[in-house]
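Trainee: need coordinates for the below:
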Amino acid sequence: MDRVTGEASSTDTKVACLSLEQPGSRDVLDEYYRNLVEGSSIEIRYDAGRGKGKGMFAVRNAEVGEVLFVDKPLVAMQSFKMDENRPLVCEQCFRYIDASLMDQMRYFMTGEVPETALRDVPSLCVAQEEKDTIVRCPNSCSSYYCSIECRQKSWEIHHMLMCECQKDKPVAQEWMERFYQHARQTNDIFILAGKAISRIILHASNLMDTSQDLLSPEAALREAWKPYQMGYKQLWWESVARPDDVHPSEESQFRSDLKELAMDSFVLFFHAIELGHPQLYNTFGKYLLHLDIWGYLIGMFELNNLSILATGPEILENVSETQLEDMLKLVTSIHPCNDQECREIVEDFLNCLLEGTGFYPLHSCMNHSCVPNCRVMLPQDPSQNNHAIIQTLKRVSAGTELTVSYIDENEDYEERQKQLQDYGFECTCAKCLAHE
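Mentor: Numbers count the residues shown, from 1 in each chain. This is a model prediction of the structure:
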């Protein structure tokens, strides 16, 4: 890789990279979605009409309030902004970790948990069944898990490449730390792109190791890329709507600045992979190592991602006076403040929601309507904290397109159309057409 521009080093490599960005054939798309919806009450059609591209349709009648499907994320992350507090949840499944109230409070304020609360399991092998407690990354980075099983899965699908602590490879660790810091200061969607690339590389590597056929790196990579290939993609810096505070004469510079942000993130990430995992990098890097691949993934996430929200664990619901006093004392010991400020911090903690974002392969096929017939529900089961539950809002007949609202559909027409600019289209649903 050119260490200044991040561009591919040859024309042949660039062509190989760009071929991954193209959507699959109609047969490939149909086969992928048939397998994804098998046994459910929905189907994905390649053409939903009126220039909308693919869409989701009911294959049977459904009543009001019926759950049509539960969608698991292809890739997801807890939101992480600089200087913002967040709850202690599993990096892999987003389940609130079974920690004490005080340990949860300490993590909320400092991002750390005491050594006494951690399970000391340095090995990545799955140990015998024990009571779940706080399990940390074997490299002692800032990732925590609800169980050894979740840690193992996270390591195998992306964390092995993205761990911030690589003490035996200090230069690679420095690049990865810089990548995370850059993302948290600018746009944490870059971390999701890193997770996606890591998953693709590790999945492709596993396919080459386990397939009965002798797969080439490119063939394995194409199979691993397939789920991401299905999502609607535009380059991030070209698809983002121009903000109101950016004058039309400044739009070109605005988009150039976005591209430069993406370039900086791209270079930091791939240098970290190159230095930390040279064998994987040399095997797969030439097929993925292009800024446009990075830009299309980010654009896909920005256009299709679903926000993740989940309420806190039961331990936060009924706090006794004694527990409240203990929490106030803990706040004061960590962050000296007056009584009112302490109580506000505790209140923020007790009302804290899990916030995150994820790309959901089925949900991403649902088109928008300002009069939607479906909605996304918050999960009630803590083990489904990162799942999308799609429920009908009205009776739906077989053959009807299933839609959700990407925005607050109760806003007036002008505000709805303005918000939808971020998605790159003008709504022509019945409600919007009636306004015209």
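Trainee: pLDDT weak spots in the stretch 201-350 of the chain?
Mentor: Residue ranges of the stretch 201-350 of the chain with pLDDT under 70: 311-317.
Trainee: the helices in it, which residues?
Mentor: When secondary structure is read from DSSP state H, counting those that start in this stretch, the stretch 201-350 of the chain shows helices at 217-229, 236-239, 251-276, 278-288, 291-304, 321-334, 339-350.
Trainee: same check, this time on the stretch 1-150 of the chain
Mentor: Under the criterion DSSP H, counting those that start in this stretch, the stretch 1-150 of the chain carries helices at the ranges 11-19, 26-37, 101-110, 148-154.
Trainee: quick check: mean pLDDT of the first one?
Mentor: By that I understand helix 11-19. For helix 11-19, mean pLDDT rounds to 42.
Trainee: ok, back up a step: and the helices of the stretch 201-350 of the chain, which is most packed in?
Mentor: For the helices of the stretch 201-350 of the chain, the largest average neighbour count (mean count of other CB atoms under 10 Å) is found in helix 291-304, namely a mean of 23. The way it works is simple: take the backbone N, C-alpha and C, and place the C-beta from them, glycine included.
Trainee: helices and strands around it, which ones?
Mentor: Applying 3 or more CB pairs under 8 Å, 6 or more residues apart in numbering; DSSP states H and E, we find helix 291-304 packed against helix 11-19, helix 189-210, helix 236-239, helix 251-276, strand 354-359.
Trainee: would you reformat the helices of the stretch 201-350 of the chain as TSV and include distance to Met160?
Mentor: Output for the helices of the stretch 201-350 of the chain, formatted as TSV (distance: least, CB to CB, whole Å):
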stretch	distance to Met160
helix 217-229	15
helix 236-239	26
helix 251-276	9
helix 278-288	9
helix 291-304	19
helix 321-334	33
helix 339-350	32
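Trainee: so which of those gets nearest Arg151?
Mentor: When these are compared by CB to CB, helix 251-276 sits nearest Arg151, at 18.9 Å.
Trainee: helix 189-210 and that closest one, what's the angle between them?
Mentor: Computed by axes from the mean of the first three to the mean of the last three CA atoms, to 10 degrees, the angle separating helix 251-276 from helix 189-210 equals 40 degrees.
Trainee: rewinding a little: Gln166: which of the helices of the stretch 1-150 of the chain is closest?
Mentor: helix 148-154 (15.6 Å).
Trainee: so which elements touch the next helix or strand along the chain from that closest one?
Mentor: Note on helix 148-154: by DSSP states H and E, the next helix or strand toward the C-terminus is helix 160-162. For helix 160-162, the packing partners by 3+ CB pairs under 8 Å, 6+ apart come out as helix 189-210.
Trainee: report the buried residues of the helix it packs on.
Mentor: By neighbour count on 16 or more other CB atoms under 10 Å, the buried set for helix 189-210 is 189-205, 207-208.
Trainee: so which of the helices of the stretch 201-350 of the chain is nearest Glu115?
Mentor: Per CB to CB, nearest to Glu115 of the helices of the stretch 201-350 of the chain: helix 321-334, 16.3 Å.
Trainee: ok, and what's touching that closest one?
Mentor: 101-102, 105-106, 109-110, 319, 337, 339, 342-343, 345-346, 349 (CB atoms under 8 Å, 6 or more residues apart in numbering).
Trainee: change it to 7 Å
Mentor: Leu101, Met102, Met105, Arg106, Met109, Thr110, Cys342, Arg343, Ile345, Val346 (CB atoms under 7 Å, 6 or more residues apart in numbering).
Trainee: and that helix, how far from the chain's centre?
Mentor: 34 Å (CA atoms, centre = their mean, to the nearest Å).
Trainee: going forward, begin numbering at 35 instead of 1
Mentor: Noted, 35 is the first residue going forward, which turns the last one into helix 355-368.
Trainee: okay, the angle between that helix and helix 135-144?
Mentor: 30 degrees.
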